[in-house]
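>>> any chance you could fold what I've pasted below:
(one chain, ligands or ions: 3)
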Amino acid sequence: MAEVRVELETHSYTIHITAGGISRVGALMRDLFSGDKALIVTDENVYPLYAERLVTSLTAAGFTPAVITVPAGESSKSLVTSDFVYTKAITMGLDRKSPLIALGGGVVGDLAGFVAATYLRGVPFIQVPTTLLAQVDSSVGGKTAVNHALGKNLIGTFYQPGLVVIDTEALQTLPARELKAGLAEVVKYGVITDYDFLSYLKKNTDALLIPDLNVLTTVIAKCCQIKAGVVAQDEREDSLRMMLNFGHTVGHAVEAVGGYSEYNHGEAVAVGMHAAALISQRIGLCRQSHVDFLRNLLSSLGLPLQASGYLPKDLLSYLARDKKVVNGKINWVLMSELGQVTITREVSQAIIMEILSEITI
Ligand SMILES: NC(=O)c1ccc[n+]([C@@H]2O[C@H](COP(=O)([O-])OP(=O)(O)OC[C@H]3O[C@@H](n4cnc5c(N)ncnc54)[C@H](O)[C@@H]3O)[C@@H](O)[C@H]2O)c1
Ligand SMILES: O=C(O)C(=O)C[C@@H](O)[C@H](O)[C@H](O)COP(=O)(O)O
Ligand SMILES: [Zn+2]
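Ligands and ions are numbered 1, 2, ... in the order given. Reported below is the predicted structural model:
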């Protein structure tokens, strides 16, 4: 069992990482929240696996929980699905003290967080992430969002959870493809902050893919520590937090061009990190050996490097709507070393097109 504290100016919180954590959520919540009603948001895959366990835990702690289930997949990150959840909250009489709980992957977390931030101008929010990706990344840091037809995560808020409970045992039921998707964000943390962590990942690729829960618990705690440290310094992404977006400029474009169904988020981020590494090397920021290391690691984790068959011009149209665009220019998060990134606006259109062509072959 491990705990990571996210220290913020006004609303710090604890991430609890523990096998069997879902059964502890009620007791942990009771120490923090006074309300009795509670609304659990989950998806159709997670509901039959873990909802009953969470309901039992909340009931034992004196809450009266209701559950709402949304379709699995990125299409649930929408204003239409948000409205479905608002309606449930209103009709059950969820009040300002009543917690809203996300039980599921990043889709459920981003959607439920968005609803929690906006319903009654904000109700207590708890994250119970069940995918590796959500455990290492999306449940921490307070980014919530739904998608717009013109781009990914374009409608959203910064709204921190009051509590995060990571149940590592939930990873036992996670499909292999989703496990690998989470590993893409894990690799991201190594690239942006820590060469030793990258070496550890390289040494443990087999254990990560089995998956060995001991190794994964170490990895989850490490990623949460890194993210907590970054978010504590720059909660609203004025500067430093942009590093958490390494690989996402092209990654989000890949997801969107594929209609959010061909590549999942982690796979698209893997392609995006490859693109960012190639740009970095092309402008003389990092060495070819750094690019090769990243490629080999991503491939050994079963992640894609290319979005073959996509049209560079289609990807380009989404790049223009990246949230890191200021005055018409993208703030690119690029790799200067393995374990270090830098932000630059100085990447020519010609190089961008060259790299988009290379990753779509
Ligand atoms: N807010 C943030 O900081 C942040 C960070 C990273 C990613 N994201 C967002 O997260 C989303 C991706 O999250 P994701 O990869 O978790 O995808 P997801 O939520 O779609 O979950 C992936 C699949 O796994 C299933 N699932 C979840 N837990 C399971 C379990 N324990 N056992 C079996 N099946 C399970 C889900 O039903 C779904 O089919 C994207 O929308 C991305 O933009 C947000
Ligand atoms: O927490 C952050 O900051 C991140 O950028 C984490 C990313 O992994 C995540 O995918 C995030 O949702 C992307 O944010 P966006 O601002 O580019 O939509
Ligand atoms: Zn991401």
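>>> and the contacts of stretch 222-236?
Residues from elsewhere that reach stretch 222-236 (Cβ atoms under 8 Å, 6 or more residues apart in numbering): 4-9, 15, 17, 135-137, 140-142, 158, 160, 166, 185-186, 189, 192-194, 197, 240-241, 243-244. To be clear about C-beta, it is placed using only N, CA and C from the backbone, and glycine gets the same treatment.
>>> just give me how far that stretch sits from the chain centre.
13 Å (Cα atoms, centre = their mean, to the nearest Å).
>>> now which of the contacts of stretch 222-236 would you call buried?
Using 16 or more other Cβ atoms under 10 Å as the burial test, the contacts of stretch 222-236 include 4, 6, 15, 17, 135-137, 140-142, 158, 160, 166, 185-186, 189, 192-194, 197, 241, 243-244 as buried.
>>> what's the weakest-modelled helix or strand in this structure?
Lowest on mean pLDDT, DSSP states H and E among the helices and strands of the chain sits strand 325-326, with a mean of 90.
>>> that one near ligand 2 anywhere?
No - if you take Cβ under 6 Å from any ligand atom as the test, strand 325-326 misses ligand 2, and the best it gets is 10.9 Å.
>>> next SSE downstream of that strand?
Following strand 325-326 in sequence order, the next helix or strand is strand 329-330 (DSSP states H and E).
>>> now do that next one: everything it contacts.
249, 319, 322, 324, 345, 347.
>>> and with 10 Å instead?
249, 319-320, 322-324, 343-347, 352 (Cβ atoms under 10 Å, 6 or more residues apart in numbering).
>>> ok, now stretch 195-213?
Contacts for stretch 195-213 (Cβ under 10 Å, 6+ apart): 19, 132, 168-169, 171-172, 174, 176, 179-180, 182-183, 186-187, 189-191, 194, 214-216, 218-220, 222-223, 226, 290, 293-294, 296-297, 299-302, 337-340.
>>> give me the subset of the buried ones among the contacts of stretch 222-236 lying in helices.
Counted as lying in helices by DSSP state H, out of these, are 185-186, 189, 192-193, 197.
>>> isn't V254 up against P304?
Yes - using Cβ atoms under 10 Å as the test, V254 is close enough to P304 to be in contact (9.2 Å).
>>> these two: who's more crowded?
Legend: neighbour count by other Cβ atoms under 10 Å for V254 and P304, higher for V254 (30 against 19).
>>> could you measure from the nearest residue to F158 once chain neighbours are set aside over to ligand 2?
Nearest in space to F158, with sequence neighbours left out and distances taken as Cβ to Cβ, 6 or more residues apart in numbering, is G142 at 4.9 Å. Using Cβ to the nearest ligand atom, to the nearest Å, we find G142 at a distance of 8 Å from ligand 2.
>>> next one: E44
Counting by Cβ to the nearest ligand atom - E44 and ligand 2 are separated by 22 Å.
>>> so what pLDDT did that residue get?
Note on E44: pLDDT of 98.
>>> from here on, call the first residue 717.
Sure, I'll start numbering at 717, so the last one becomes E760.
>>> helix or strand for the nearest residue to G967 once chain neighbours are set aside, which one?
Residue nearest to G967 in three dimensions, not counting chain neighbours: G988, with 2.9 Å by Cβ to Cβ, 6+ apart. In the assignment (DSSP H and E), G988 maps to helix 981-998.
>>> next up, phi/psi of whichever residue of the stretch 967-1077 of the chain sits closest to ligand 2, please.
As assessed by Cβ to the nearest ligand atom, ligand 2 sits closest to K1039 within the stretch 967-1077 of the chain, at 4.6 Å. Note on K1039: backbone dihedrals following degrees, to the nearest 10 are phi -70, psi -10.
>>> before we move on, what about the one 4 residues further on?
Here the main-chain torsion angles of N1043 (degrees, to the nearest 10) amount to phi 50, psi 40.
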